[in-house]
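Trainee: Build me a structure from this.
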Amino acid sequence: MRAARPIIALCVAVLAACGGGGGAQGGAGGAPAPAPSSGQAAGTTTPADQTWPIRTREHVDLWLHGFAMVQTDSSRVPLFRRGYRDQIAAARSAGGVRTLLDTNRDQLARRFTTNPNLVGAQFLALYAESWDDLRQAAQLFLQAGGDPSRASTQQQAAVIATFAQTFPSAADRDWLQLFLQSLEDERAKFYQSYWTREQQQRAAVLTAVDTLWQRRYRERLQRFLNNTQQANGDFILSLPLDGEGRTVSGGKQQNIVTVTLPATVAEAPEAIYTFAHEVVGALVASTVNDNTSPAERRTGVTDRLQSAGAVRGGLMLLERTAPELADGYARYYLRSAGVSAGGSAATTLAATFPLPDNIRDAIGRQLDVVLGGI
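Mentor: Numbers count the residues shown, from 1 in each chain. Predicted coordinates for the structure are as follows:
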């Protein structure tokens, strides 16, 4: 899943409109980064000048967690980890916890039937540096009734306009208000302590992913990243996510790619698999658009081909840059789709995520062009 909005402008606007509150420090490529207590895993440090640093963000996970708990997920590659809701329910039950997110779940879930575009609201957390920033920006939008002309400054108007793209009606704004209230209660009674505990338990996993990425695979993928206007950004590991990440394209230096946080050290390569799937997405989308008709775009064929193409394109990218990861990548996405790998994982992946030959070949040619530096 991808979004393309001006990351720096919106992050600055959120901070300016809401008076800061994030305790930000300098981050990669000039982007503000929260102090460890507000989202960085305990015991980890990230050099300010590191390229594509590995990060974690509590408020991003909380926001996505809220959607995972109220949204029906029927995608071939699920939007959230399979069994996530049941896992959380078990953790809550063990602690005897019930929150407003439980109480309001059915009401929040019904709105997706009326306005399926609410799915796009998942990206909003990626533009803020903390839960306080995100919540205050949302309240600014709600207090203005979704009308940018009621803002006091251009920065506030930018925040309001961004939220208005996803919450255009009064009913949508009512949904957002209820969602915020529910998440605040969820955070206080359950999620903050749950998230902190999970980060501590997965500290070795974070170290393993960082080592794999910075010492081996980032360099292998950097040429592709440079030549696709993705030279730098934040590589965020998120608890609720599975094979379908959340990516925001913001120019050469300010991209955000949010992918699965693996459960064990042995599964650390899964973060690299999902990163490859995400960063190839824009190339795949452009190629599919160039090879489909307006009628196919209207009927949703193009969207389906883009989804399958991202899975296949990630494999093609790794086959060209880190071939030792290719089989693991194919098996990971087959597991994500609930399909047994059988014999050849690559062959089964092709059958599970079919593409017309002309589109498959066009994606391959574009990858060769990009990696060739033309």
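Trainee: Can you give me the end-to-end span of stretch 92-101?
Mentor: 12 Å (C-alpha to C-alpha, to the nearest Å).
Trainee: what about that stretch, average pLDDT?
Mentor: With pLDDT averaged residue by residue, stretch 92-101 scores 91.
Trainee: Flag every buried residue along that stretch.
Mentor: Using 16 or more other C-beta atoms under 10 Å as the burial criterion, the residues of stretch 92-101 that qualify are 92, 99-101. From N, CA and C alone the C-beta is placed, and that goes for glycine too.
Trainee: what about the strands in the stretch 1-150 of the chain?
Mentor: Taking DSSP state E, counting those that start in this stretch as the criterion, the stretch 1-150 of the chain carries its strands at 2-3, 24-26, 32-34, 54-55.
Trainee: Tell me which entries of the buried residues of stretch 92-101 lie within helices.
Mentor: Members of the buried residues of stretch 92-101 lying in helices (criterion: DSSP state H): 92, 100-101.
Trainee: List just the nearest of these to R76.
Mentor: Checking those against R76 by C-beta to C-beta gives L101 as the nearest, at 26.8 Å.
Trainee: where does the stretch 101-250 of the chain dip in pLDDT?
Mentor: Along the stretch 101-250 of the chain, the model assigns pLDDT under 70 to no residue.
Trainee: Number of residues surrounding D61?
Mentor: 26 (other C-beta atoms under 10 Å).
Trainee: again, but for V301
Mentor: That count, for V301 with other C-beta under 10 Å as the rule, works out to 14.
Trainee: for it, what are its contacts?
Mentor: Contacts for V301 (C-beta atoms under 8 Å, 6 or more residues apart in numbering) come out as T292.
Trainee: Would you mind measuring from it to S307?
Mentor: 11 Å (C-beta to C-beta, to the nearest Å).
Trainee: follow-up on the earlier one: columns distance to P294 on top of the buried residues of stretch 92-101, output as a markdown table?
Mentor: Shown next, in a markdown table, are the buried residues of stretch 92-101 (distance: C-beta to C-beta, whole Å):
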| residue | distance to P294 |
| --- | --- |
| R92 | 47 |
| T99 | 46 |
| L100 | 45 |
| L101 | 41 |
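Trainee: from the residues you listed, which two are the most distant?
Mentor: R92 and L100 (12.7 Å).
Trainee: Phi first, then psi, for T247.
Mentor: Phi and psi for T247, reported as degrees, to the nearest 10, are phi -120, psi 130.
Trainee: tally of neighbours for it?
Mentor: With other C-beta under 10 Å as criterion, T247 counts 24.
Trainee: One more: V280?
Mentor: 29.
Trainee: I'd say it and G314 touch.
Mentor: Yes - between V280 and G314 there is a contact at 5.2 Å, judged by C-beta atoms under 8 Å.
Trainee: With adjacent residues omitted, what lies nearest to F163?
Mentor: The shortest distance from F163 to any non-neighbouring residue, by C-beta to C-beta, 6 or more residues apart in numbering, is to F141 (3.9 Å).
Trainee: Tell me who's in contact with the one you found.
Mentor: 159-160, 163-164, 167, 173, 176.
Trainee: just curious, which of these is nearest to D86?
Mentor: Comparing these against D86 with C-beta to C-beta picks out L176 as the nearest, at 26.5 Å.
Trainee: Sweet, I'm off.
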